[in-house]
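**Q** Give me a model of this one.
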Amino acid sequence: MASIFSLSGRTALVTGAAAGLGFEIARGLAQAGACVVLNGRRAEPLAAARETLLAEGIDPVQVQLAAFDVCEEGAVARFVAEGPAIHILVNNVGLRDRRPLAELDGPAFRAMLETNLVAPALLARALSPAMARQGYGRIINITSIAGPIARAGDAAYTAAKGGLAALTHALAAELGSAGITVNAIAPGFFATAPNAAMVADPEIGAWLSRRTSLGRWGQPEEIAGAAIFLASPAASYVTGHMLSVDGGYLSHF
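**A** Numbers count the residues shown, from 1 in each chain. Here you go, the predicted structure:
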């Protein structure tokens, strides 16, 4: 049974992989046997992430680094031309700007869309032809529970993540004939570094304990299993699906 979840012989590009959920996804994919390409804009944090994985026993040949900005089409084209063949794309990198709509100007709104929606689309466009030729393709978009639902003061992020969920459906429809599956993971409230102030706030903790079925924050490592499943042969007939990893937030009335 374990072999159906094995990623041995596969190579995954994980964007925004230096820390947080992206790092945990990359770690999980590597533990499942994949070679992982850690992406981020700066080389130093990526190198530190690689050292962490090697210290945990991951084979050095399984971990490569690719420092480039996913919003730059030229950089993406160079990676496709010069980098390894990619079987699994995890569009994890994301920009967050929690401000009311009245405080968001055009450049700020467009920056959110460029990073959270346009870049995943262009990466999928760039990498899917080779996936089709190789006979194995998995695209996993990291969306959010902010998309199917919304809260005040987060319009740009919610719009971008909602768009990414819609893009997931569209690409599943378009790329399925090439044997490529396209799915999304929608994280809920995770105790990551960007959320540190919220995690430390007892009022937010009490609210979350009431609002989620499991009554707690998600731990970053708890995202990895969903990614391993969707990237693996076990999910060969799953496409166009959004898997919520939210402790029951969306199900809890």
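**Q** Check for me that residue 52 belongs to a helix.
**A** Yes. Applying DSSP: H, G, I helix; E, B strand; the rest coil, one finds residue 52 inside a helix.
**Q** so who does it touch?
**A** Residue 52 makes contacts with residue 23, as judged by C-beta atoms under 8 Å, 6 or more residues apart in numbering. Yep, even glycine has a C-beta here, placed from its N, CA and C like the rest.
**Q** The strand ranked longest in the chain pairs with which strands, and in what direction?
**A** Counting residues, the longest strand found in the chain (DSSP state E) is strand 180-187. Sheet neighbours of strand 180-187, with direction, are listed as strand 137-142 (parallel), strand 242-245 (parallel) (DSSP bridges).
**Q** List of residues touching it?
**A** Against strand 180-187 from outside (C-beta under 8 Å, 6+ apart): 21, 124, 128, 131-132, 137-145, 147-148, 164-165, 168, 171-172, 175-176, 218, 223, 226-227, 230, 235-236, 238-246, 250.
**Q** at 6 Å instead, please
**A** Contact with strand 180-187 is made by 128, 131, 137-145, 165, 168, 171-172, 175, 226, 230, 239, 241-245, as judged by C-beta atoms under 6 Å, 6 or more residues apart in numbering.
**Q** Just the CA atoms from that strand would do, formatted as CSV, please.
**A** Output of strand 180-187 as CSV, limited to C-alpha atoms (Å, rounded to 0.1, in the frame of the first residue of the first chain):
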residue,chain,number,x,y,z
ILE,A,180,-2.3,16.2,-15.8
THR,A,181,-4.3,16.6,-12.6
VAL,A,182,-4.9,20.0,-11.0
ASN,A,183,-6.1,20.3,-7.5
ALA,A,184,-6.0,22.8,-4.7
ILE,A,185,-5.3,22.8,-0.9
ALA,A,186,-7.1,25.4,1.1
PRO,A,187,-5.3,25.9,4.5
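**Q** For that strand, what does the pLDDT average out to?
**A** Across strand 180-187, pLDDT averages out at 99.
**Q** try stretch 92-101
**A** 90.
**Q** Just the residues contacting that stretch, thanks.
**A** So stretch 92-101 is contacted by 14-16, 22, 70, 108, 112, 115-116, 142, 153-157 (C-beta under 6 Å, 6+ apart).
**Q** show me where this structure has strands.
**A** Using DSSP E, strands in the chain cover 11-14, 35-40, 63-67, 88-91, 137-142, 180-187, 242-245.
**Q** Relative to residue 199, which of those is closest?
**A** strand 180-187 (14.3 Å; C-beta to C-beta).
**Q** Determine the longest helix present in this protein.
**A** The longest helix of the chain (DSSP state H) is helix 155-175.
**Q** Only whichever of the contacts of stretch 92-101 are buried, select them in ChimeraX.
**A** With 16 or more other C-beta atoms under 10 Å as the criterion, this ChimeraX line picks the buried residues out of the contacts of stretch 92-101:
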select :14,15,16,22,70,112,115,116,142,154,155,156,157
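**Q** Next, give me the two most distant ones among the contacts of stretch 92-101.
**A** 14 and 153 (29.3 Å).
**Q** Could you list the low-pLDDT ranges of this protein?
**A** Where the chain drops to pLDDT under 70, the residues are 1-2.
**Q** any idea how far the residue nearest the centre of it is from residue 201?
**A** With distances taken as C-alpha atoms, centre = their mean, residue 92 lies nearest the centre of the chain, 2.6 Å away. For residue 92, the distance to residue 201 equals 25 Å [C-beta to C-beta, to the nearest Å].
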